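# how would this look folded up:
(chains A, B, C and D)
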2 protein chains.
Amino acid sequence: MSENELNTEQLILKAARKVFTHKGLDGARMQDIANEAGINKALLHYYFRSKDKLFESIFKDVIKTFFPQVVSVLVADIPLFDKIHRFTESYIDILAKNPEIPGFVFHELSKNPDRLIGNIRETGADIGIIGEQLQKEVEAGNIRPINPAHFIANLISMCVFPFIARPLLMGIMKMDAQGFDSFIEERKQIVPEAIIRSIKV
Amino acid sequence: MSENELNTEQLILKAARKVFTHKGLDGARMQDIANEAGINKALLHYYFRSKDKLFESIFKDVIKTFFPQVVSVLVADIPLFDKIHRFTESYIDILAKNPEIPGFVFHELSKNPDRLIGNIRETGADIGIIGEQLQKEVEAGNIRPINPAHFIANLISMCVFPFIARPLLMGIMKMDAQGFDSFIEERKQIVPEAIIRSIKV
DNA sequence: GTCTATAAACAGATAGAC
DNA sequence: GTCTATCTGTTTATAGAC
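Numbers count the residues shown, from 1 in each chain, chains lettered A, B, ... in the order given. Predicted coordinates:
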């Protein structure tokens, strides 16, 4: 524990996370996960009973480690324009380290919203506060009136979408893997600029 | 043909498209497709030999019917700001009628980019011309300098992303299905406004 | 061309030895 | 706890009658 070693359960979770996030629930095989973990199938069932339960553990874990990081910046008590810069910077950084997560989450959520939406709700992610902050800036004459839902949608869209569309973007923009990384790095500058220009008076 | 009737092959394609786009390649069952088409499984193999070949037909078809519609507006010979308005309007309209397509395409493309990227290339979608148009507007002093790749990424992101993230957005924005439709309708105004403000001098 | 029946392969889950 | 072997159900695919 104190060293670099994982116990079997952690080993399984790590392997399952990799396989599920890359192949999706339907595309993942228990055998793939066992191979990735360097153990055999039976052990997966010993620890998690079923594929479905193992998946649910992974999904919950992904949501719980991702959402708070993202939301915390959005609801922080800092000036709006600072917040926009910090959010894009930190969010894009997190995504660059976990590029397959958004595709995974949105795909599973689309296939099974009713079953999985509860995991989102449990994080207590409340972005109502951003609406208040926008309202104050409007009243102070700093920005134009904007529906907070659209503001957030615009912001998140421009950060996340390139990761979901990576193969397509690489195809039509004729980028290689390194070119894509540079492109993403550039967006830490491009996105906040675009957002701020779109709302400034 | 001249009437409202489809022959068996068309019937299969229609059913397969529905099932594949909703459940993905891995989640789709040949039995589901047969049921949807009102025929039996054996006929699917008679017409398309294998699930994989049937899937490839559907994927090709989706790309071929979608991409040209989208790209044609982007490369049309019309003033830039008009183009931005027309693009968002027509693209969002197409997406609203086919909300599951982007999730389907990006998911399959992520799982199997090498195998499927050729289908994109075959459409001959070349957006180089938009770069030239942007360059001219910059030289005319109408817009700020902008990397065309980011311009296009921003534009497409804001149009497509809400459809991919629909369940999540409905969850955190507390919208019902009707609320989501209104939200999408509003974006035909919001998105071009945001894009144009972000590039105008 | 379309069907029913069945083969063949696969994948999740369990039994039982160690 | 971890393994091998096996069972059970599912799913793709084929054979063969009509």
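# Name the next helix or strand downstream of the host helix or strand of A:K53, please.
Here A:K53 sits within helix A:51-75, counting by DSSP states H and E. Sequence order places helix A:80-97 as the next helix or strand after helix A:51-75, per DSSP H and E.
# Check the burial of A:I172 by counting its neighbours.
22 (other C-beta atoms under 10 Å in any protein chain shown). Yep, even glycine has a C-beta here, placed from its N, CA and C like the rest.
# Cross-check the contact I'm expecting between it and B:I127.
Yes - using C-beta atoms under 8 Å, A:I172 is in contact with B:I127, at 6.3 Å.
# Not counting its neighbours along the chain, what's nearest A:L25?
For A:L25, ignoring the flanking residues on the chain, the nearest one in space by C-beta to C-beta, 6 or more residues apart in numbering or on different chains is A:F55 at 5.2 Å.
# if I look at that neighbour, how far off is DNA strand C?
For A:F55, the distance to DNA strand C (C-beta to the nearest atom of the strand, to the nearest Å) stands at 9 Å.
# A:D32 against A:V19, yeah?
Yes - the pair A:D32 and A:V19 passes the contact test of C-beta under 8 Å, sitting 4.9 Å apart.
# These two: who's more crowded?
A:V19 (23 against 17).
# How far off centre is the helix or strand hosting that one?
Using DSSP H and E, A:V19 sits in helix A:8-27. In terms of C-alpha atoms, centre = their mean, to the nearest Å, the centre of helix A:8-27 is set 17 Å apart from its chain centre.
# Name the residues of the helix or strand following it that are buried.
Downstream of helix A:8-27, the next assigned helix or strand under DSSP H and E is helix A:30-37. Across helix A:30-37, burial judged by 16 or more other C-beta atoms under 10 Å in any protein chain shown covers A:M30, A:D32, A:I33, A:A34, A:E36, A:A37.
# Repeat that for stretch A:166-182.
For stretch A:166-182, burial by neighbour count (16+ other C-beta under 10 Å) applies to A:R166, A:P167, A:L168, A:L169, A:M170, A:G171, A:I172, A:M173, A:M175, A:F180.
# how about these in a markdown table, adding pLDDT?
Below are the buried residues of stretch A:166-182 laid out as a markdown table (pLDDT from 0 to 100):
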| residue | pLDDT |
| --- | --- |
| A:R166 | 98 |
| A:P167 | 97 |
| A:L168 | 96 |
| A:L169 | 96 |
| A:M170 | 96 |
| A:G171 | 92 |
| A:I172 | 91 |
| A:M173 | 92 |
| A:M175 | 95 |
| A:F180 | 98 |
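# From these, pick the one nearest DNA strand D.
A:P167 (24.0 Å; C-beta to the nearest atom of the strand).
# still on that earlier bit, if we only consider the buried residues of stretch A:166-182, which is nearest to B:P99?
Set against B:P99, the nearest of the buried residues of stretch A:166-182 by C-beta to C-beta is A:L168 (17.7 Å).
# sec struct for that closest one, please.
helix (DSSP: H, G, I helix; E, B strand; the rest coil).
# neighbours of the closest residue to it other than its chain neighbours, just the number please.
Distances taken as C-beta to C-beta, 6+ apart place B:L109 nearest to A:L168, at 6.0 Å, with adjacent residues excluded. Residues lying near B:L109 (other C-beta under 10 Å) number 23.
# Give me the residues contacting stretch A:8-27.
Here stretch A:8-27 makes contact (C-beta atoms under 8 Å, 6 or more residues apart in numbering or on different chains) with A:6, A:28-29, A:32-34, A:36-39, A:43-44, A:47-48, A:54-55, A:57-59, A:61-62, A:100-101, A:104, A:107-108, A:111, B:23-27, B:107, B:111.
# Report whether it contacts DNA strand C.
No - Stretch A:8-27 is not in contact with DNA strand C by C-beta under 7 Å from any atom of the strand; minimum separation 8.3 Å.
# residues of that stretch that come out buried?
By neighbour count with 16+ other C-beta under 10 Å, stretch A:8-27 contains the buried residues A:11-13, A:15-25, A:27.
# could you say which helix or strand contains the residue nearest the centre of chain A?
For chain A, A:P102 is the residue whose C-alpha lies nearest the centre (C-alpha atoms, centre = their mean; 4.7 Å). Assigning secondary structure by DSSP H and E places A:P102 in helix A:101-111.
# what does chain A have sitting close to DNA strand D?
When proximity is defined by C-beta under 7 Å from any atom of the strand, chain A lies next to DNA strand D at A:T8, A:I39, A:N40, A:K41, A:A42, A:L43, A:Y46.
# at 6 Å what do you get?
Counting by C-beta under 6 Å from any atom of the strand, the residues of chain A close to DNA strand D are A:T8, A:I39, A:N40, A:A42, A:L43, A:Y46.
# Which strand or helix spans the fifth one?
When elements are defined using DSSP H and E, A:L43 is found to belong to helix A:41-48.
# average model confidence for that helix?
The average pLDDT for helix A:41-48 rounds to 98.
# now the angle from it to helix A:30-37?
90 degrees (axes from the mean of the first three to the mean of the last three C-alpha atoms, to 10 degrees).
# how about helix A:41-48, does it get close to DNA strand C?
Yes - against DNA strand C, helix A:41-48 shows contacts by C-beta under 6 Å from any atom of the strand at A:K41, A:A42, A:H45.
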